[in-house]
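J.: What follows is a predicted structure for the sequence shown.
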2 protein chains.
Amino acid sequence: MAQQARAIRTRRVILESAATVFAERGYERTTIGEILVRAGVTKGALYFHFASKEDLALGVLDAQMLDMPLAPQEVKLQELADQAFLLTHRLQRDALVRASVALALDSGATGVDRAAPFRAWIDQVSEILMVAKARGELLVHVDVTDTAELFSGAFSGIQAMSQILCDRNDLAHRVSVLLQHFLPSICTPALLPRLDMTEGRARQLGAEYDASRLRRDEVHLADTAG
Amino acid sequence: MAQQARAIRTRRVILESAATVFAERGYERTTIGEILVRAGVTKGALYFHFASKEDLALGVLDAQMLDMPLAPQEVKLQELADQAFLLTHRLQRDALVRASVALALDSGATGVDRAAPFRAWIDQVSEILMVAKARGELLVHVDVTDTAELFSGAFSGIQAMSQILCDRNDLAHRVSVLLQHFLPSICTPALLPRLDMTEGRARQLGAEYDASRLRRDEVHLADTAG
């Protein structure tokens, strides 16, 4: 286990270094050599984890997906709100997540499948909406695919605008506004008062997420030491 | 007038060339020399219109704003839909508008005020919402600023996602979906059936816009010849 924990950590260091260099120089101008210097690892270590610069980009893009499962909620649509609030929290705290979202919107990153993270988000949102539909939470006219794509696209633009206007300081507020305008148009009126779309919910989820990441890191550390 | 028409055309050629080079090489790597070659104009002509590379970037950013006034509508909120449909049409047809939106989202464009087009859009949407509010078209709880920022940010993300997934082929559909989810949460129920949020509306507005641009270009041409 100690070896596996070290490998996970090395992979993370390489990804964070790649993300930093992509963000500083743009994807196209970045070389593997620059990432090696930044990460302080050998060529062998890098190629053990990643086959190419494109592969590194895919790893960075993947980092925006949630790294632990969402806690199941009684009203399924609450999970849609929770997912958005958790991504908000991670965008505000984690440079790798920020770099991941920037890379997905970087039109200079030719040769990288920038559609992949959008498709992954749309799939996650669609899954939540399908369960919500089966449970009778959605208004009858709701088209799951259209709605999932709208929510993913709207979130993407709102976080980009928030970054440009104020370095994402107001993102939890903007996401709360998005949810308050979006959920009433898909959720049955009787359930709506049971959904928490407030910034308070965002803060609570963020604190829980940090605590559980800390616990997980402690387990890794214990494994490495043992 | 002939001279003025020529100057307008030269300015447009320079902006389109700058937009193309920004899109191909990224803002940071672009030099004024490359823009001169692409535009086929003299240094003097370029500096007559633009003081610097930053100034060219501001000119490109400005191109996404509507270049003719929106036709006033009986229900003011229809103008919000019309504005979004017209930008959709222009994004699908006009390389300069596409480059403008790409530049606003290009995180490598340091030194350029990328917040300017977002603020301009938010201002335009806010103005429409304030008139709509004064006319009693909005639900009482609507916060004009929050709502204007949500709409501008959401549109921005939806067009970026549509570009990445399918080169903006489905953008009119996505914008129609956005309006159908967004307007019911701000518009009084009695007015809602009078709003046209369909792709048919988008097509009609696009055709009208093209026709009036053609008329305007013919006037310029007549001026230049005369």
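T.: Cool, the structure landed. Numbers count the residues shown, from 1 in each chain, chains lettered A, B, ... in the order given.
J.: how about A:Ser52, what does it touch?
T.: Applying C-beta atoms under 8 Å, 6 or more residues apart in numbering or on different chains to A:Ser52 gives no contacts. To be clear about C-beta, it is placed using only N, CA and C from the backbone, and glycine gets the same treatment.
J.: how much space is there between it and A:Ala102?
T.: The gap separating A:Ser52 from A:Ala102 is 20 Å, by C-beta to C-beta, to the nearest Å.
J.: do A:Asp143 as well
T.: For A:Asp143, the distance to A:Ala102 - C-beta to C-beta - is 30 Å.
J.: Who has more neighbours out of the two?
T.: Between A:Asp143 and A:Ala102, counting by other C-beta atoms under 10 Å in any protein chain shown, A:Ala102 is the more crowded of the two (21 against 14).
J.: Name the secondary structure element that contains the more buried one.
T.: Under the criterion of DSSP states H and E, A:Ala102 resides in helix A:95-104.
J.: in chain A, what residue is nearest chain B?
T.: Distance from chain B to each residue of chain A (C-beta to the nearest C-beta) is smallest for A:Gly157, at 2.2 Å.
J.: On the three-state scheme, that residue is what?
T.: Secondary structure for A:Gly157, judged by DSSP: H, G, I helix; E, B strand; the rest coil, is helix.
J.: There's contact between it and B:Ala154 in this structure, I believe.
T.: Yes - with contacts counted by C-beta atoms under 8 Å, A:Gly157 reaches B:Ala154, the gap being 5.4 Å.
J.: Any stretches of chain A with poor pLDDT?
T.: A:1, A:220-221, A:223-226 (pLDDT under 70).
J.: show me the contacts for A:Ser156.
T.: A:Ser156 sits in contact with A:101, A:104-105, A:118, B:157, B:160-161, where contact means C-beta under 8 Å, 6+ apart.
J.: Show me the one in those that has more neighbours than the rest.
T.: Neighbour max across the contacts of A:Ser156 (other C-beta under 10 Å) = B:Met161, 29 neighbours.
J.: Looks to me like it is in a helix.
T.: Yes - the assignment for B:Met161, made by three-state DSSP, places it in a helix.
J.: what comes up buried for the longest helix along chain A?
T.: For chain A, the helix that runs over the most residues, judged by DSSP state H, is helix A:199-225. When burial is assessed from 16 or more other C-beta atoms under 10 Å in any protein chain shown, helix A:199-225 yields the following buried residues: A:199, A:201-202, A:205-206, A:209, A:220.
J.: Ok, stretch A:51-61 next?
T.: So for stretch A:51-61, counting by 16+ other C-beta under 10 Å, buried means A:53, A:56-61.
J.: and it, how far from the chain's centre?
T.: 16 Å (C-alpha atoms, centre = their mean, to the nearest Å).
J.: List the contacts of the closest residue in space to A:Gln124 that isn't next to it in sequence.
T.: Among residues not flanking A:Gln124 along the chain, A:Gln83 sits closest, at 6.8 Å (C-beta to C-beta, 6 or more residues apart in numbering or on different chains). Listed by C-beta under 8 Å, 6+ apart, the contact set of A:Gln83 reads A:66, A:70, A:124-125, A:128.
J.: closest to A:Val177 among those residues?
T.: For the contacts of A:Gln83, the residue nearest A:Val177 by C-beta to C-beta is A:Val125; the value is 18.0 Å.
J.: Excluding residues flanking it in the chain, which one is nearest A:Ala154?
T.: B:Ala154 (3.7 Å).
J.: what helix or strand does that neighbour sit in?
T.: helix B:144-166.
J.: for chain A, what spans make up the helices?
T.: A:2-25, A:32-39, A:43-49, A:53-62, A:77-93, A:95-104, A:115-134, A:144-166, A:171-182, A:199-225.
J.: pretty sure A:Met65 contacts A:Ala120?
T.: Yes - under the criterion of C-beta under 8 Å, A:Met65 makes contact with A:Ala120 at 5.8 Å.
J.: quick one, what contacts the residue positioned nearest the centre of chain A?
T.: Nearest to the mean C-alpha position of chain A, counting by C-alpha atoms, centre = their mean, stands A:Gln64 at 2.7 Å. By C-beta under 8 Å, 6+ apart, the contact set of A:Gln64 is A:87, A:90, A:97, A:100-101, A:104, A:117, A:121.
J.: Done for today, thanks.
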